[in-house]
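*Asks:* Got a predicted structure plus its sequence, pasted below:
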Amino acid sequence: MRIGVLASQGAFVEHIAALRQLRVEALPVRLAKELNGLDGLIIPGGESTSISKLMLAANLTEEIKSLAQNGLPMFGTCAGMILLANKNSDQDVAPLGVMDITVRRNAFGRQRESFETELSIPVLGEKPFPAVFIRAPAIERVNGKAEILARLADGTAVAARQGKLLVSAFHPELTSDLRFHRYFLDIVDRGN
Ligand code: GLN
């Protein structure tokens, strides 16, 4: 199994390390030709405005969009979630627009810019997941077929899935708990 990690900007090294711990071939993707032959793609956290500009400059935007539309499994974390969403409460990001969710950037404001919480994610089992939020977005609305996988105690939606597309507002690659990555690899493996 070969998983690409978009390596324009942001926390791609940590995703590659998590995948390698799970004994999966993990490759950084900076050029369109590096998308060839992948079984899945991770779009990491970082700065969604920068990632979006760098993707456009490298002719990656349309390629990634059509791969997602053609069923390549993708996992977007934090900024990656913003890029995959089809609606955004800001206007300054050109998202890939493949997932039926509306997101709000920097949804937690200054008071809670960064925080960690034990999050219940039923698809990962009973044990709560250590979720690290860094200037994180939130899912404001589901526009179509996406399914919410996790909510904070106040009801804010922070993870979702739509077919083979998976997103989290937090950073599973910054913890030693590999269950979220394993869940993504199961989607890649089983194709459902
Ligand atoms: N605040 C960033 C953005 O809006 C996302 C932060 C992150 O990916 N950790 O793009």
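*Replies:* The structure has been received and is ready for your questions. Numbers count the residues shown, from 1 in each chain.
*Asks:* from here on, contacts and neighbour counts on C-alpha atoms
*Replies:* Will do.
*Asks:* could you pull out the strands for the protein?
*Replies:* 2-6, 25-29, 40-43, 74-77, 85-88, 99-104, 114-119, 129-134, 138-142, 147-151, 157-162, 165-168 (DSSP state E).
*Asks:* strands paired with the fourth one, and their directions?
*Replies:* I take that to be strand 74-77. Strand 74-77 has the following sheet partners, assigned by DSSP bridges: strand 40-43 (parallel), strand 165-168 (parallel).
*Asks:* Run through the residues that contact the nearest residue to residue 151 once chain neighbours are set aside.
*Replies:* Computed as CA to CA, 6 or more residues apart in numbering, the closest residue to residue 151 that is not its neighbour in sequence is residue 157, at 4.3 Å. Contacts for residue 157 (CA atoms under 8 Å, 6 or more residues apart in numbering) come out as 138-140, 148-151.
*Asks:* Spell out which parts of this structure neighbour the ligand.
*Replies:* Neighbours of the ligand within the chain, by CA under 6 Å from any ligand atom: 45-49, 78-79, 105-106, 134-136.
*Asks:* Report how many residues lie close to residue 82.
*Replies:* A count of nearby residues for residue 82, using other CA atoms under 10 Å, gives 37.
*Asks:* quick one: it and residue 103 touch, right?
*Replies:* Yes. Residue 82 is within contact range of residue 103, at 6.3 Å (criterion: CA atoms under 8 Å).
*Asks:* Overlap in contacts, those two.
*Replies:* Joint contacts of residue 82 and residue 103 (CA under 8 Å, 6+ apart) are 88, 137.
*Asks:* By average pLDDT, which secondary structure element in the chain comes out worst?
*Replies:* Least confident element among the helices and strands of the chain, by mean pLDDT, DSSP states H and E: strand 85-88 (a mean of 90).
*Asks:* Residues contacting that one, please?
*Replies:* Contacts for strand 85-88 (CA under 8 Å, 6+ apart): 82, 95-105.
*Asks:* Tell me the spacing between residue 74 and the ligand.
*Replies:* 16 Å (CA to the nearest ligand atom, to the nearest Å).
*Asks:* isn't that residue right up against residue 165?
*Replies:* Yes. Between residue 74 and residue 165 there is a contact at 5.0 Å, judged by CA under 8 Å.
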